Structures are given as C-alpha cells and as structure tokens.
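Asker: What follows is a predicted protein model with its sequence.
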Amino acid sequence: MEERTRVNVAVGLFVLIGVLALGYLSVNLGRVSFLGGGGYVVTAEFPSVGGLKPGSTVEIAGVEIGRVESITLKDYQALVTLRINSGVKLQDDAIASIKTKGLIGEKYLRISPGGSEKLIPPGGRIREVEAPVDFEELLSKYIFGKV
Amino acid sequence: MATLGRSGLASAVVLALLLVAAPGWAGQPTDQLRTEIDRVLKVLDDPELKKEGRARERRAEVRRIANDIFDFEETARRSLARHWAPRTPAERDEFVQLFADLLERSYISKIELYGGEKIAYVGETIDGDVATVKTKITTRQGTEIPVDYRMRKRGDKWLVYDVIIEGVSLVANYRVQFNKIITTSSYAELVKKMRDKQEEFYGDEKQKRTSQR
C-alpha cells in the first residue's frame, strides 16, 4: 500500500511538470504575453503594413527590443501598437520602417534611433514612419508604366 | 522603356527635392508648398534660362529657392541623429553645409532632366508643428510617383525637413548610411569623405566647362 501511494504521487508530479512545461511552451511559441507583459506601449500609423503581423519583432541595429502587439484599422490607415522593452528609449525623431528579412523573408519593424532630446513617452506615437516598399507594385509601375 | 522609366523617376526625385517654398504668408502647408513649387516650375520653364550656357545660372536660381524651402539644418540634424549631439557648433555648421552640397550634387544638378511632369496635391495632415503634404507626380509616360513632404513650422513658415518618395524617406536613407560610416570608422572620416566628393564634383564640373569652350 505504501509503495503504491509513492508511485501515484510520483506519476502525479510527473504529469503536473509535463502540463506546466506544455503551458510554458505554448505561451512562448505563441508569443502571448500575460498581464500586458513588461515594457511600454507606443503606436505608429502606416499607410500600409503589408505582411507585418502581431508578434513580429521590433529591432534596433538587428537587436530585438520589442514586439508588435496589435494592428488595427484607423481611418483606412494601419494603426500599429508596439510593446517596447523598458530601458529602451525612443527619441522623438526616431523612424519606424517596415522591412523584410532577406529578400523574401518575414516582415519586421526597424527603428532607426534619432538624435532629438525629446523622448517618446509611454503611450506616445512614432511620427516618422516608412511603409514597406511593394516590389511587385514598383516593378509593374516602371515596366508597364506607359499607357 | 526601362531607361525612360528611370529618367522619369530621376526627374521626379529632382522635382521632389526642389519644388518647395520661399517667403510666404502664414497659412496652410499645402498653400505655401504650392506657391513655392510654382516658383521653381517658372524658373524651369523659363525659355530664356533654357538657353545654352545658362544652365549654371538656372541651377543657382533653383538652389536659391531650395534654400527657402528646405530646413537643411533640420534635415542634417535628423540624418546625423544620435551623432549630432556630441558635435561642436562649428562642426555642426560645417556638416550642414556639406550636407546641403551633397543634396545639391545628388539632386539639384539633375534639374536639366525636368520636362513638364505634372504635380497634384492629394492631401495634407497637420499634427502639432509637423505636417505632411502628399503629392503625386505624373511623368510624361503616365507613371504616378507618390511624393510626401514632411514639414515643420518655423515661425509662420512651413519648411521641409524630409521627402518621402515611393514610401522611402530621404532622412532614413542618409541616417542609416551616416551611422554605418561613423560607427565603422569615425565622424572625421565621414566629413573627409563628403569633402572629397564635393571637391571631385567641382573638379569634374570645371573640366566639363573648359571642354565645352
């Protein structure tokens, strides 16, 4: 009887650890943040986000400094909400550009830091933005431009 | 056809950089911008200035108007970004001058490419002391090129500090390049590079002029 209880407890613990590990994995892989996560939120408006998704990375000099939290439509423009790691300061004249990793890779948001003394406060807005360049559109424009 | 497209784009770029404002009344950014663009167009369309041998005069005239339109200091400051703060006032003045020369070399010198492109003003947004004026340039081939001017209010005048062509920002472009040069070598190296390019350009110009004579 003693022996049996011990086995049961061991199995129970094992299953519990398994469930916790699974939970951790799904949260991490799914890039879900609980309780709003750390850091602070800034927004940016783009005429188009072409392929940027919630969960996409926000980078400065190739280093991840945050993630895209949500993308919604506002006045037929894309309103992108970013969660930036606390400790990373964004200047008033920082430029947010939507870039592609490699030639056909996923989209990410690149921030080129500015030189202004004014910082963007939590909840503020990045005013200088660059929409992604649509190569297909460009190509067709300059190849078939002549009417 | 490809070359036609490219020259169309090049002249659009030139127009984009040139066609902005001079002293005007306080008012909407679009109104000021339109007035100044019309001024530049007038210079470009002037049959007297189109004559052989007056290209330099014409270019100087355009540069003069461009100085009224652009806030070169703001553009230079934003392009240098975080490398601006450590510079001394003398270094800043020198850099603004070199940067204005760089823009002239790259864009104003191509002014001869202009050939009747049409400019439409399609929208404007004002956000505090910053405004965006959206325009569309239609080339002779019928290609539409979106050009946005980012303007800042200085006193009662709106001055352009960034031009966004086909979604590509001029300041962002130079910011990345300057940052790369400064971080991989030094600020002194960047200034040296810009100065060398300028001298080289003047050398070429002089040669061209003497060979024309």
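Answerer: Received the coordinates, thanks.

Asker: Pull up the residues of chain A that are close to chain B.
Answerer: A:47, A:91, A:93, A:95, A:97, A:112-115, A:117, A:127-128, A:130-133, A:138, A:141-143, A:145-147 (Cβ under 8 Å from any Cβ of the partner chain). In short, each C-beta sits where N, CA and C put it, glycine included.

Asker: For ChimeraX, what selects the buried ones among those?
Answerer: This is how ChimeraX selects the buried members of the residues of chain A next to chain B, with burial counted by 16 or more other Cβ atoms under 10 Å in any protein chain shown:
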select /A:47,91,93,95,97,112,113,114,115,127,128,130,131,132,141,142,145
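
Asker: Mark which of the residues of chain A next to chain B are part of helices, please.
Answerer: A:Leu138, A:Lys141, A:Tyr142, A:Ile143 (DSSP state H).

Asker: Closest one to chain B out of those residues, please.
Answerer: A:Tyr142 (4.0 Å; Cβ to the nearest Cβ).

Asker: What about B:Arg63, how many residues nearby?
Answerer: 17 (other Cβ atoms under 10 Å in any protein chain shown).

Asker: So for the helix or strand hosting it, what gets flagged as buried?
Answerer: Assigned by DSSP states H and E, B:Arg63 falls within helix B:55-69. For helix B:55-69, a neighbour-count test (16+ other Cβ under 10 Å) marks B:Arg58, B:Arg59, B:Glu61, B:Val62, B:Arg63, B:Ile65, B:Ala66, B:Ile69 as buried.

Asker: Turn these into a markdown table, columns for distance to B:Thr138 and pLDDT.
Answerer: Shown next, in a markdown table, are those (distance: Cβ to Cβ, whole Å; pLDDT from 0 to 100):
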| residue | distance to B:Thr138 | pLDDT |
| --- | --- | --- |
| B:Arg58 | 23 | 83 |
| B:Arg59 | 24 | 81 |
| B:Glu61 | 25 | 86 |
| B:Val62 | 21 | 85 |
| B:Arg63 | 25 | 85 |
| B:Ile65 | 22 | 89 |
| B:Ala66 | 22 | 88 |
| B:Ile69 | 21 | 90 |
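
Asker: Tell me the one of those residues nearest chain A?
Answerer: Using Cβ to the nearest Cβ, the buried residues of helix B:55-69 come closest to chain A at B:Ile69, 19.3 Å.

Asker: Was I right to think that closest one contacts B:Trp158?
Answerer: No: the criterion here is Cβ atoms under 8 Å, and B:Ile69 misses it with B:Trp158 at 9.5 Å.

Asker: Can the strand or helix carrying B:Lys180 be said to contact chain A?
Answerer: Element membership for B:Lys180 (DSSP H and E) is helix B:170-184. Yes: judged by Cβ under 8 Å from any Cβ, helix B:170-184 comes into contact with chain A at B:Val171, B:Ala172, B:Arg175, B:Val176, B:Asn179.

Asker: Any idea how many residues pack against the fourth one?
Answerer: B:Val176 has 15 neighbours, counted by other Cβ under 10 Å.

Asker: Could I get the full set of helices for chain B?
Answerer: Under DSSP H, chain B gives helices at B:2-18, B:29-45, B:47-50, B:55-69, B:72-80, B:89-106, B:170-184, B:187-212.

Asker: Tell me if the second one is near chain A.
Answerer: The reference is to helix B:29-45. No: Helix B:29-45 does not reach chain A (Cβ under 8 Å from any Cβ); its nearest approach is 14.9 Å.

Asker: elements contacting that helix?
Answerer: Helix B:29-45 sits against helix B:55-69, strand B:118-127, strand B:130-138, strand B:144-154, strand B:157-165, with contacts defined as 3 or more Cβ pairs under 8 Å, 6 or more residues apart in numbering or on different chains; DSSP states H and E.

Asker: Relative to the whole chain's centre, how far out is that helix?
Answerer: Helix B:29-45 has its C-alpha centroid displaced from the chain centroid by 14 Å (Cα atoms, centre = their mean, to the nearest Å).

Asker: buried set for stretch B:90-106?
Answerer: So stretch B:90-106, judged by 16+ other Cβ under 10 Å, has buried residues B:Arg92, B:Phe95, B:Val96, B:Leu98, B:Phe99, B:Ala100, B:Asp101, B:Leu102, B:Leu103, B:Glu104, B:Arg105.

Asker: what's the most distant pair in the residues you listed?
Answerer: Largest separation among the buried residues of stretch B:90-106 by Cβ to Cβ: B:Arg92 and B:Arg105, giving 20.3 Å.

Asker: Would you check how far apart B:Glu52 and B:Arg58 are?
Answerer: 11 Å (Cβ to Cβ, to the nearest Å).

Asker: Now do the shared contacts for these two.
Answerer: Counting by Cβ atoms under 8 Å, 6 or more residues apart in numbering or on different chains, B:Glu52 and B:Arg58 have no common neighbour.

Asker: would you list the buried residues of stretch B:90-106 in JSON lines and tack on distance to A:Glu3 and pLDDT?
Answerer: Formatted as JSON lines, the buried residues of stretch B:90-106 follow (distance: Cβ to Cβ, whole Å; pLDDT from 0 to 100):
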{"residue": "B:Arg92", "distance to A:Glu3": "82", "pLDDT": "94"}
{"residue": "B:Phe95", "distance to A:Glu3": "81", "pLDDT": "94"}
{"residue": "B:Val96", "distance to A:Glu3": "84", "pLDDT": "94"}
{"residue": "B:Leu98", "distance to A:Glu3": "85", "pLDDT": "93"}
{"residue": "B:Phe99", "distance to A:Glu3": "82", "pLDDT": "93"}
{"residue": "B:Ala100", "distance to A:Glu3": "87", "pLDDT": "90"}
{"residue": "B:Asp101", "distance to A:Glu3": "88", "pLDDT": "88"}
{"residue": "B:Leu102", "distance to A:Glu3": "83", "pLDDT": "90"}
{"residue": "B:Leu103", "distance to A:Glu3": "85", "pLDDT": "88"}
{"residue": "B:Glu104", "distance to A:Glu3": "90", "pLDDT": "85"}
{"residue": "B:Arg105", "distance to A:Glu3": "88", "pLDDT": "83"}
